[in-house]
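A.B. asks: okay, predicted coordinates and the sequence, questions at the end:
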Amino acid sequence: MDKKNTLKIVKIGGNVIDNPQALTSFLTVFSSIKGPKILVHGGGKSATALAKKTGLEVQMVDGRRITDAATLELITMVYAGKINKTMVAQLQALDCNALGFTGADANTITSVKRPVSTLDYGFVGDVKNVETSTLELLLNHGISPVFCALTHNQNGQLLNTNADTIASELAIAFASQFEVELYYCFEKNGVLKDVNDDSSVIEKITASSYKELLHAQVIYAGMLPKLNNCFHALEHQVSKVCIGKPEMLLDSEAIFTTLTIQ
């Protein structure tokens with residue numbers, strides 16, 4: 001496919017997924033994006049809520065979920081089932097032809113279980129390979145893949161995998177075929193100087209200014225993995241990475257954070 005074609009990969013997370021009105025608004029925006037596009041979603045808060053209802057203990061370390069066998073069963077139901085299929089159905093209602101995916105489907109994303117060092121995360125996967133051929137075929141036929149946060153190890157085992165990482169790795173895998181733009185959408189206006197002030201958006205972060213922000217402890221812990229994924233993508237030929245509210249996808253006047261190497 002022509003390198004000049006733009007592919008937009010959009011990751012949605014945070015409170016948007018758990019707010020039906022906000023989710024409908026986002027999906028309306030996503031469906032109106034012209035050209036090839038891929039959606040990646042999380043769903044951790046919904047999984048946590050269901051775990052509490054069923055009496056399943058939720059173990060989190062530094063914002064990462066410890067995934068034992070029972071937790072994996074639950075998040076598979078929530079991520080690949082309820083959330084993914086609800087989104088696909090809503091996109092169909094918006095005339096966006098979508099197809100739900102885990103990394104196991106069409107062998108698109110393979111991972112290895114995260115090695116045990118000081119902590120055993122359980123059934124958590126670190127992405128090793130993204131196979132783009134089936135996805136490219138779908139994109140060429142106007143179908144938008146919708147990925148949940150599950151991959152597989154090619155030995156029959158599903159693995160819980162960070163959705164921000166999945167979005168970044170998909171973007172990198174397609175960078176040789178497309179001009180890839182990667183968008184991380186959530187309920188904030190972007191990366192904030194003051195986490196309590198939604199207007200304090202840092203509109204541009206370069207690799208060097210990122211180091212300065214880290215040194216000044218302006219970037220909070222919860223944002224660190226997301227920003228690391230952003231710069232990982234930029235270092236591997238992804239042309240554009242942005243963080244902010246879904247409005248940034250269509251509104252040229254919207255204020256959000258753009259990340260660049262220089």
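C.D. replies: It's in.
A.B. asks: where along the protein do the strands fall?
C.D. replies: Secondary structure of the chain (DSSP state E): strands located at 6-12, 37-41, 60-61, 64-65, 98-101, 109-113, 125-130, 144-147, 150-152, 158-160, 179-185, 204-206, 240-244, 257-260.
A.B. asks: including distance to residue 194, mean neighbour count and mean pLDDT, could those strands go into TSV?
C.D. replies: Glycine gets a C-beta too; all of them are placed from N, C-alpha and C. Below are the strands of the chain laid out as TSV (distance: least, C-beta to C-beta, whole Å; neighbours: other C-beta atoms under 10 Å; pLDDT from 0 to 100):
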stretch	distance to residue 194	mean neighbour count	mean pLDDT
strand 6-12	24	24	97
strand 37-41	28	26	98
strand 60-61	25	10	82
strand 64-65	25	19	80
strand 98-101	37	21	98
strand 109-113	36	21	98
strand 125-130	33	18	97
strand 144-147	33	24	98
strand 150-152	35	26	98
strand 158-160	32	25	97
strand 179-185	20	24	96
strand 204-206	15	16	95
strand 240-244	16	22	95
strand 257-260	14	20	95
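A.B. asks: same list, the ones you listed, but as CSV with distance to residue 138 please.
C.D. replies: Formatted as CSV, the strands of the chain follow (distance: least, C-beta to C-beta, whole Å):
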stretch, distance to residue 138
strand 6-12, 12
strand 37-41, 9
strand 60-61, 34
strand 64-65, 29
strand 98-101, 6
strand 109-113, 15
strand 125-130, 14
strand 144-147, 6
strand 150-152, 18
strand 158-160, 21
strand 179-185, 16
strand 204-206, 33
strand 240-244, 22
strand 257-260, 28
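A.B. asks: among those strands, which is nearest residue 251?
C.D. replies: Of all those, strand 240-244 sits nearest to residue 251, with 10.1 Å by C-beta to C-beta.
A.B. asks: the closest one pairs with which strands, parallel or anti?
C.D. replies: strand 179-185 (parallel), strand 257-260 (antiparallel) (DSSP bridges).
A.B. asks: residue 19: how many residues sit nearby?
C.D. replies: Using other C-beta atoms under 10 Å, residue 19 has 13 other residues around it.
A.B. asks: thinking again about what came up before, export the strands paired with strand 240-244 to a markdown table and tack on distance to residue 242?
C.D. replies: Shown next, in a markdown table, are the strands paired with strand 240-244 (distance: least, C-beta to C-beta, whole Å):
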| stretch | distance to residue 242 |
| --- | --- |
| strand 179-185 | 5 |
| strand 257-260 | 5 |
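A.B. asks: what about residue 223, neighbour count?
C.D. replies: Count around residue 223 with other C-beta under 10 Å applied: 18.
A.B. asks: give me every residue that touches it.
C.D. replies: Taking C-beta atoms under 8 Å, 6 or more residues apart in numbering, we find residue 223 in contact with residue 191.
A.B. asks: same check, this time on residue 126
C.D. replies: Here residue 126 is in contact with 111-114, 161 (criterion: C-beta under 8 Å, 6+ apart).
A.B. asks: quick one: end-to-end length of stretch 46-61, please.
C.D. replies: 18 Å (C-alpha to C-alpha, to the nearest Å).
A.B. asks: if you could redo that for stretch 191-200, that was the one I meant.
C.D. replies: By C-alpha to C-alpha, the extent of stretch 191-200 from end to end equals 8 Å.
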